[in-house]
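Student: Just a sequence and a predicted model for now, questions to come.
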Amino acid sequence: MHTRQRPLVIHWSTNACPVFIQPSYLTSWLLTRREKQVDKQPGAHNVPTDMRRANEKGNGCVSFVVRETCQLLCLGPESMARLVRLQKEIERIKEEYFTRNRIAEENRQRENEAAIQIQSWFRGCQVRAYLGHLHRKATIIQKIWRGFTARAHFRQMVKAAYFIMKMNFYHEMSVRIQQRWRGYYVRKYIHNYYARKRYMEGLARKNKQIRRDLEEFSEFQRRERERLAMEREEQEKTVQAQRMHFLLSTKQCPGVFNSPFRPGPDEMELRLRRTKPLPPRTFPGDRASLLGNTSPSTPSFPGVPRAFGAKPLPPIPSKKPQGPFREPAEVWAQRQRGLEPSLRVQTSIADLEQAQDQLRSEEWRNRTMETMFQPFSKAHQNRSYERMLHTSSSFQPVPYGTKYFKEEHQENLQGKQPFKTVFTTCHVFDKFGRLYSNAGKIV
């Protein structure tokens, strides 16, 4: 630290009064005086300049010179001897001064780098400590802010949950109130318990009757199926008996179905007696069949000759027909070909109207509701209110469903003859004796 130089107190030997002199003034005075004295000596021109530089750059050398000078001034008679010794020490002082300066210049860069390194380390420690302090404070701030936002969010969640709970409670209570009110309103103004009871009882009786009729009808269908199956079986047995009629017994030789070892003839034997054999199959227009020629499908047995040869008779000689002719099979197929009407013949004259009617019927069948769609935003406002049957009538027991199930208007029946109920006979009795088989009635 730079401190202000204190003035020197110099006592002269010839005078008892002290004299206050600044060291810098004294040094400059001494150096000036020494320069005037040394200018006369050869080789000593640079000494005052070096001393001035020493005074400017080094405090140690200046203090030494001042100290010696002050001693010279204070001693008086011995000043010359001291001045001579001082002149002898100047070279050594100068050399020491320059040596110290050279050492200082040599170590200046290294000391500067060391100082910079120490400063960087110290400043790094300061910055890291400050950053850690800032991090700790930021963590505290974040903790406080996050706690505040979390508490605010939790308060909102609690408020929303409380609101939902209240709304659910209010909805449940409103449903209960509506339930009670609607039940009371329906029981008082709409629903008639006794009429409903009578209607349900009549409906139960009607359903019971319908169920009985359905059971009877199903039983009739079952018997009809059994009858058809029996008739089909009887017909198959009859056809089989006609095909196997050649196995019928004769007076000389008993048949297969009339074994003498049985107590009675077989049922097939009795059936063969009742049926007639199949007539020989003849095709109309077949000239070979008229001549007695057998067809290829006629069964042949080994050892039994045919009535005629396998080949047809030769034609009667006549005028040679002119050809070329088509194949008989092709001509026969052309004659037997079915009718192939044109599109105009196939199409009905009222085909368009029939197709339109069919489309309308399909559209009506696939329709989900009878009310036609009206593409207007306020079409429902023009629709009249359809009142209920119970609400539109007077508050009294409804006779329909209790007293009768068919409305009668006597004023409209004046002068008219009543309907005549005529029941048709059951078709089962009409066909009595003709739907059953006669099997087993042969004695």
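Tutor: Received it, and whenever you're ready, just let me know what you need.
Student: and residue 229, what pLDDT?
Tutor: For residue 229, the pLDDT comes out at 95.
Student: and if you look at residue 177?
Tutor: Looking at residue 177, its pLDDT reads 96.
Student: Provide the backbone phi and psi angles at residue 275.
Tutor: Note on residue 275: its backbone torsions stand at phi -90, psi 160 [degrees, to the nearest 10].
Student: What pLDDT does the model give it?
Tutor: At residue 275, the pLDDT value in this model is 87.
Student: What is the neighbour count of it?
Tutor: 18 (other CB atoms under 10 Å). Where you see a C-beta, it was placed from the backbone N, CA and C, and this is true even at glycine.
Student: Does anything pack onto the biggest helix by length in the chain? Which helices or strands?
Tutor: The longest helix of the chain (DSSP state H) is helix 79-185. The elements that helix 79-185 packs onto, with contact taken as 3 or more CB pairs under 8 Å, 6 or more residues apart in numbering; DSSP states H and E, are helix 47-57, helix 59-75.
Student: Which one of the ones you listed has the poorest average confidence?
Tutor: Of all these, helix 47-57 has the smallest average pLDDT, which comes to a mean of 45.
Student: so which helix or strand takes in residue 270?
Tutor: Per DSSP states H and E: residue 270 is located in helix 267-274.
Student: Put the alpha carbons of that helix into CSV.
Tutor: Extracted in CSV, the C-alpha atoms of helix 267-274 (Å, rounded to 0.1, in the frame of the first residue of the first chain):
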residue,chain,number,x,y,z
GLU,A,267,-99.0,-110.9,-48.0
MET,A,268,-97.1,-110.5,-51.3
GLU,A,269,-99.0,-113.6,-52.7
LEU,A,270,-102.3,-112.0,-51.9
ARG,A,271,-101.1,-108.7,-53.5
LEU,A,272,-100.0,-110.6,-56.6
ARG,A,273,-103.5,-112.1,-56.9
ARG,A,274,-105.2,-108.7,-56.7
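Student: So what touches that helix?
Tutor: Residues from elsewhere that reach helix 267-274, judged by CB atoms under 8 Å, 6 or more residues apart in numbering: 237-238, 241, 244-245, 247-249, 255, 257-258, 442.
Student: Which ones among these lie within helices?
Tutor: Per DSSP H, helices hold the following members of these: 237-238, 241.
Student: now the residues you listed in TSV, with pLDDT, distance to residue 126 and neighbour count?
Tutor: TSV is the format used below for those (pLDDT from 0 to 100; distance: CB to CB, whole Å; neighbours: other CB atoms under 10 Å):
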residue	pLDDT	distance to residue 126	neighbour count
237	91	126	15
238	90	129	13
241	89	132	23
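Student: ok, of those residues, which one's closest to residue 412?
Tutor: The closest of those to residue 412 turns out to be residue 238 (CB to CB; 61.4 Å).
Student: Enumerate every residue touching the closest one.
Tutor: Per CB under 8 Å, 6+ apart, neighbours of residue 238: 271, 275.
Student: rerun that using 7 Å as the cut-off
Tutor: residue 275 (CB atoms under 7 Å, 6 or more residues apart in numbering).
Student: how close does it sit to residue 264?
Tutor: As judged by CB to CB, to the nearest Å, residue 238 and residue 264 stand 21 Å apart.
Student: cool, residue 189 as well?
Tutor: 84 Å.
Student: Using neighbour counts, pick out the buried residues of the helix holding residue 270.
Tutor: Neighbour counts over helix 267-274 (16 or more other CB atoms under 10 Å) mark 268-272 as buried.
Student: can you check stretch 177-191 too?
Tutor: Within stretch 177-191, no residue is scored as buried using 16+ other CB under 10 Å.
Student: do stretch 239-250 as well
Tutor: 241, 244, 248-249.
Student: where does the stretch 151-300 of the chain dip in pLDDT?
Tutor: Within the stretch 151-300 of the chain, the segments meeting pLDDT under 70 span 282-300.
Student: repeat that for 80
Tutor: 251, 259-260, 262, 280-300 (pLDDT under 80).
Student: next one: the stretch 1-150 of the chain
Tutor: 1-80, 82-83, 86.
Student: Now residue 248: closest residue in space, sequence neighbours ignored.
Tutor: Distance criterion CB to CB, 6 or more residues apart in numbering; nearest residue to residue 248, sequence neighbours excluded, is residue 272 at 4.5 Å.
Student: now that neighbour: how far from residue 259?
Tutor: 14 Å.
Student: ok, back up a step: distance-wise, check the residue nearest to residue 248 relative to residue 255.
Tutor: According to CB to CB, residue 272 and residue 255 sit 7 Å apart.
Student: what do these two both touch?
Tutor: 247-248.
Student: show me what contacts residue 134?
Tutor: By CB under 7 Å, 6+ apart, no residues touch residue 134.
Student: so how far is residue 147 from it?
Tutor: According to CB to CB, residue 134 and residue 147 sit 20 Å apart.
Student: again, but for residue 365
Tutor: Applying CB to CB, the value for residue 365 to residue 147 is 72 Å.
Student: Of these two, give the one with the bigger neighbour count.
Tutor: Neighbours were counted for residue 365 and for residue 147 using other CB under 10 Å; residue 147 has more, 10 against 7.
Student: quick revisit: of all the buried residues of stretch 239-250, which comes closest to residue 388?
Tutor: Closest approach between the buried residues of stretch 239-250 and residue 388, by CB to CB: residue 241, at 72.1 Å.
Student: Please determine how far the closest one is located from residue 248.
Tutor: Where residue 248 is concerned, residue 241 sits at a distance of 9 Å (CB to CB).
Student: Then residue 225?
Tutor: The spacing between residue 225 and residue 248, counted by CB to CB, is 33 Å.
Student: and what of residue 122?
Tutor: Applying CB to CB to residue 122 and residue 248 gives a distance of 143 Å.
Student: same thing with residue 203?
Tutor: Remark: distance between residue 203 and residue 248 (CB to CB) = 65 Å.
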